[in-house]
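# Just a sequence and a predicted model for now, questions to come.
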Amino acid sequence: MINSFLFKNPSIPKSIHIFLVLMALTSFSIAQTPQYYNYNTSGTSSNSFPFNIAAGKKVQLLYLPGDFNQPAPAPVGRITSIYFRISDTYPLGPWTYTDLTIKMGQTEITSFTSGEFYTGTLDTVYYKASISLSGTAGQWMIIPLDTSYVYDPEKSLIIDIGQCGVSGATGFSMSFTTLSGSRRNWSIGGCPFAYSNQNSATYHLGLDICPVPSAPVNITPPENQHICGGTTTILSASGTGNLSWYSDSTGGYFVGSGTDFITPALLKDTVFYAQDSACGFPSKRTAIAVTVNPAYSFVENFTICGGDTLNWQGQDYTAEGIYVANYTSITGCDSIYTLNLTVNPVYSIVENHSVCAMDIYSWQGEEYTEAGTYFKNYTSISGCDSNYTLNLTFNPLYSYSEDHSICEGETYSWQGYDYTTAGEYMASYVTVTGCDSIYTLNLTVNPSYSFAEDQYICEGESYNWQGTDYTTGGTYSARFTSINGCDSIYNLNLTVNSVDVSITANDTVITANAIGAAYQWLSCDDAFAPLSGETMQSYTPVENGHYAVMVTQGSCSDTSDCIPISKSGIDFFSAEGMTIYPNPVSDELIIEIKGNQKKMVFEILNSTGQMVYKGNILQKTAVNTSKFTSGIYLVKIESGKNFVFKKIIKD
């Protein structure tokens with residue numbers, strides 16, 4: 001896996017990027033000498049820890065200040081790669097390691113504490129869950145770090161290396177030299193690691209370090225450091241990393257980046273500071289001064305009258321404007337002279353004014369009541385002529401009158417307003433010439449008429465009103481137009497009174513349900529003949545037959561359905577499932593007996609008991625009633641010796 005740090009840190013030179021990528025692609029087997037190292041020999045001896053132990057192993061290595069002194073002392077910087085010197089007789093791998101981890105830390109100690117691992121702060125700089133490593137005998141094996149580590153050569157460096165297993169590993173690949181003090185700790189076995197022992201073996205180790213960069217070099221052309229006021233310039237510097245530009249030697253404002261920096265327009269001597277940066281380390285800043293020579297600017301304001309001439313800088317001017325004369329100062333900068341020339345006019349002012357008839361117009365201290373052309377001559381504040389001319393016009397006044405009428409309840413829209421009441425209204429406007437234009441409206445409101453009457457009829461009757469017959473209750477209207485074109489509205493409130501003709505049978509006693517009415521019992525079998533003296537609410541028949549009652553409530557009378565009476569009491573022919581519709585009927589009457597299985601005879605009788613229609617029915621039949629006269633009818637349906645009577649109304 002290629003170290004992501006390589007691509008995220010632009011301070012690392014491109015050559016180092018290329019080198020580290022190649023190293024990653026070859027599993028760290030390229031024979032290359034590190035920038036800084038302690039020994040480049042096979043050393044006192046060689047050891048198998050930690051890379052040649054199949055079950056896994058951890059070691060901690062201690063390097064003192066000054067250990068990395070070949071080919072020159074290691075500087076302050078960021079460690080980007082570490083190298084292990086492979087024994088001359090034991091090459092390494094290639095083998096695949098599990099959970100290979102490298103940690104780094106710095107401390108003031110010069111020897112490990114006896115009997116334990118170092119427990120100070122360590123930063124993880126490299127981790128691979130699975131990685132293949134190989135090293136050629138007698139050469140360096142490089143491992144590029146995942147994360148660079150800031151190195152101070154004045155402190156001791158601790159490198160903690162551990163791996164949790166490597167199949168087939170064997171041999172003694174790590175070269176070392178025995179020095180004084182405790183320089184190496186190691187574990188008993190693999191993961192998890194437990195302290196085992198320590199000795200003075202110092203591994204032969206190398207480092208690649210990205211150092212703190214030097215201060216940038218000023219490469220600005222001299223002419224770019226001497227400019228005229230109000231202009232910009234380009235400052236240039238060279239370095240090994242990323243250049244930044246600042247306003248002060250320390251701190252200050254960041255003003256730009258890159259080798260070349262374009263200044264803002266400068267008005268005074270200014271110093272800018274270039275700073276290099278590599279591997280996260282800033283260099284000292286290089287001061288680059290800019291000398292700003294003054295550019296001169298002079299402005300002169302002159303005024304003349306129209307037709308006059310001004311001589312300025314050897315030239316004659318007659319027109320108003322801004323004029324510029326450019327010269328070069330002894331320092332090579334501009335000396336700019338500017339003339340703002342104002343030409344005051346010789347005024348000739350013509351005024352056209354109009355006023356309304358009968359008005360007085362005041363102009364130039366005089367009052368005028370007649371149309372005409374008038375003149376006044378003055379000298380302006382600038383000493384030039386001012387001639388005034390007045391063309392005066394008198395405009396007429398206008399007046400209009402309109403007569404209109406509407407009906408009561410209507411609205412008349414006039415001049416943007418709505419009017420509903422009679423009266424005189426006025427609207428005043430100003431004409432295009434600014435004079436009055438007065439409109440007058442004389443509005444007349446003619447009356448609208450409304451009449452209402454209440455009428456009552458009995459159910460089955462009709463009421464003729466305004467040429468139309470009405471049989472149902474409701475409110476009816478008739479609209480007419482009066483002689484002045486307004487509405488005359490007539491309203492009829494018609495009430496249709498109905499009579500309660502329901503009856504109740506109890507054994508041989510039949511009772512009308514209507515309360516407080518007049519009663520007359522009738523014999524249905526005798527053409528509805530009145531039964532003499534039978535005018536009470538209840539009636540007890542003395543012989544078999546069909547009976548009904550005529551009930552009178554107020555001015556309305558109606559007759560109930562007929563009910564059959566036998567000696568053994570009330571003999572009902574069941575009307576369950578029987579429907580007669582529509583009721584009232586106009587052109588066709590439907591008689592329906594649901595579930596009936598026996599053909600029956602039915603008759604339709606008029607109010608005098610006369611049969612007007614006879615027919616048969618099983619379950620459903622239709623009767624054409626279009627030629628029946630309006631009134632009350634009885635439908636008589638026979639079932640053996642029993643009858644059912646149903647009342648209908650013909651419209």
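Sure, I can see it. Treat the numbers as computed from the prediction; the structure is a model and nothing was measured.

# can you list the domain ranges for the chain.
Domain ranges of the chain: 4-211, 217-293, 296-344, 347-395, 398-446, 449-497, 498-572, 574-651, per automatic domain parsing.

# just how off-centre is the helix or strand hosting residue 342 within its chain?
Residue 342 belongs to strand 334-344 when assigned by DSSP states H and E. In terms of Cα atoms, centre = their mean, to the nearest Å, the centre of strand 334-344 is set 56 Å apart from its chain centre.

# Quick check: buried residues in it?
Neighbour counts over strand 334-344 (16 or more other Cβ atoms under 10 Å) mark 334, 337, 339, 341, 343-344 as buried. C-beta here means a position set from N, CA and C on the backbone, and glycine is covered the same way.

# Report the beta-bridge partners for residue 427.
residue 439 (DSSP bridges).

# what's near enough to touch it?
Listed by Cβ atoms under 8 Å, 6 or more residues apart in numbering, the contact set of residue 427 reads 414-417, 438-439, 441.

# go on, residue 594?
577-579, 619.

# Just put those residues in CSV and tack on neighbour count and secondary structure.
Listed next are these as CSV, based on neighbours: other Cβ atoms under 10 Å; DSSP: H, G, I helix; E, B strand; the rest coil:
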residue, neighbour count, secondary structure
577, 11, coil
578, 17, strand
579, 13, strand
619, 13, coil
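
# What strand or helix carries residue 390?
Here residue 390 is assigned to strand 385-395, by DSSP H and E.

# Parallel or antiparallel, list what pairs with that strand.
strand 347-356 (parallel), strand 372-379 (antiparallel).

# how far does the helix or strand following that strand sit from the chain's center?
Using DSSP H and E, the helix or strand that follows strand 385-395 in sequence is strand 398-407. Centroid displacement of strand 398-407 relative to its chain, using Cα atoms, centre = their mean, is 56 Å.

# Buried ones in strand 398-407, by neighbour count?
Those would be residue 406, for strand 398-407 by 16+ other Cβ under 10 Å.

# After that strand, which helix or strand is next?
strand 412-414.

# could you say what helices and strands the helix or strand just after that following strand packs with?
Counting by DSSP H and E, the next helix or strand C-terminal to strand 412-414 is strand 417-419. Helices and strands touching strand 417-419, by 3 or more Cβ pairs under 8 Å, 6 or more residues apart in numbering; DSSP states H and E, are strand 412-414, strand 423-430.

# Determine which stretch of those strands is the most buried.
strand 412-414 (a mean of 13; mean count of other Cβ atoms under 10 Å).

# Which residues does it contact?
402, 404, 406, 418-420, 425, 427, 441, 443.

# For it, give the mean pLDDT please.
On average, the pLDDT along strand 412-414 is 93.

# quick revisit: dump the strands paired with strand 385-395 to CSV, plus mean neighbour count and distance to residue 142.
Converted to CSV, the strands paired with strand 385-395 look like this (neighbours: other Cβ atoms under 10 Å; distance: least, Cβ to Cβ, whole Å):
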stretch, mean neighbour count, distance to residue 142
strand 347-356, 13, 93
strand 372-379, 11, 98
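
# Nearest to residue 296, out of those strands?
Closest approach to residue 296 among the strands paired with strand 385-395 (Cβ to Cβ): strand 347-356, 38.1 Å.

# roughly how far out does the closest one sit from the chain middle?
On Cα atoms, centre = their mean, the centre of strand 347-356 falls 58 Å from the chain's centre.

# could you give the angle of it to strand 423-430?
Computed by axes from the mean of the first three to the mean of the last three Cα atoms, to 10 degrees, the angle separating strand 347-356 from strand 423-430 equals 170 degrees.

# by contact count, what packs against the helix or strand just after strand 347-356?
As assigned by DSSP H and E, the chain's next helix or strand after strand 347-356 is strand 361-363. Strand 361-363 sits against strand 347-356, strand 366-368, strand 385-395, with contacts defined as 3+ Cβ pairs under 8 Å, 6+ apart.

# Just give the strands next to strand 361-363 in its sheet, each with its orientation.
For strand 361-363, pairing defined by DSSP bridges yields strand 366-368 (antiparallel).

# Pull out the buried positions in the partner strand.
Neighbour counts over strand 366-368 (16+ other Cβ under 10 Å) mark residue 368 as buried.

# Let me see the mean pLDDT of the strand holding residue 390.
Here the average pLDDT along strand 385-395 is 88.

# Any idea how far that strand is from the middle of the chain?
Distance, centroid of strand 385-395 to centroid of chain: 62 Å (Cα atoms, centre = their mean).

# Need the residues that contact that strand.
346-357, 359, 361, 363-364, 368, 370-380, 431, 433-435.

# again, only using 6 Å
The contact list for strand 385-395, computed with Cβ atoms under 6 Å, 6 or more residues apart in numbering, reads 346-357, 361, 363, 368, 371-378, 380, 433, 435.

# Buried residues, it. List them.
So for strand 385-395, counting by 16+ other Cβ under 10 Å, buried means 386, 388, 390, 392, 394-395.

# Likewise for stretch 594-612?
600, 602-606.

# same thing with stretch 506-515?
Buried, per 16+ other Cβ under 10 Å, within stretch 506-515: 510-512, 514.

# ditto for stretch 458-475
Result for stretch 458-475 [16+ other Cβ under 10 Å]: buried residues 458-460, 463, 470-471.

# One more: stretch 132-147?
133, 135, 138-147.

# Centre of the chain to that stretch, how far?
That offset, for stretch 132-147, works out to 58 Å (Cα atoms, centre = their mean).

# The buried residues of stretch 506-515 into a markdown table, with extra columns for pLDDT and secondary structure?
A markdown table is the format used below for these (pLDDT from 0 to 100; DSSP: H, G, I helix; E, B strand; the rest coil):
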| residue | pLDDT | secondary structure |
| --- | --- | --- |
| 510 | 92 | strand |
| 511 | 93 | strand |
| 512 | 92 | strand |
| 514 | 89 | coil |
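
# quick check, nearest of these to residue 492?
Once Cβ to Cβ is applied, the member of the buried residues of stretch 506-515 that ends up nearest residue 492 is residue 514, at 28.1 Å.

# give me every residue that touches that closest one.
500, 551.

# Give me the neighbour count for residue 543.
9 (other Cβ atoms under 10 Å).

# Identify the residue nearest residue 493 in space, chain neighbours excluded?
residue 454 (4.7 Å; Cβ to Cβ, 6 or more residues apart in numbering).

# List of residues touching the strand or helix carrying the one you found?
Using DSSP H and E, residue 454 falls within strand 449-458. Strand 449-458 has contacts (Cβ under 6 Å, 6+ apart) with 463, 488-497, 556.

# tell me the mean pLDDT over the helix or strand that that strand is followed by?
Next in sequence after strand 449-458, counting helices and strands by DSSP H and E, comes strand 463-465. On average, the pLDDT along strand 463-465 is 91.

# Can you tell me the strand partners of strand 463-465 and which way each runs?
Assessed with DSSP bridges, strand 463-465 is paired to strand 468-470 (antiparallel).

# Need the contact partners of the partner strand.
Applying Cβ under 6 Å, 6+ apart, the contact partners of strand 468-470 are 462-463, 494.

# so where's the stretch 551-651 of the chain uncertain?
Under the criterion pLDDT under 70, the flagged ranges of the stretch 551-651 of the chain are 566-576, 641-642.

# still on that earlier bit, got CSV for the strands paired with strand 385-395, with distance to residue 538 and mean pLDDT too?
Output for those, formatted as CSV (distance: least, Cβ to Cβ, whole Å; pLDDT from 0 to 100):
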stretch, distance to residue 538, mean pLDDT
strand 347-356, 99, 88
strand 372-379, 115, 90
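
# how about the ones you listed in JSON lines, adding distance to residue 545?
What follows is the strands paired with strand 385-395, written out as JSON lines (distance: least, Cβ to Cβ, whole Å):
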{"stretch": "strand 347-356", "distance to residue 545": "105"}
{"stretch": "strand 372-379", "distance to residue 545": "121"}
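
# quick one: which of the buried residues of stretch 506-515 is nearest residue 175?
residue 514 (132.9 Å).

# Remind me what the top strand by length along the chain packs against, helices and strands.
For the chain, the longest strand by residue count, based on DSSP state E, is strand 92-107. Packing partners of strand 92-107 (3 or more Cβ pairs under 6 Å, 6 or more residues apart in numbering; DSSP states H and E): strand 123-135, strand 156-163.
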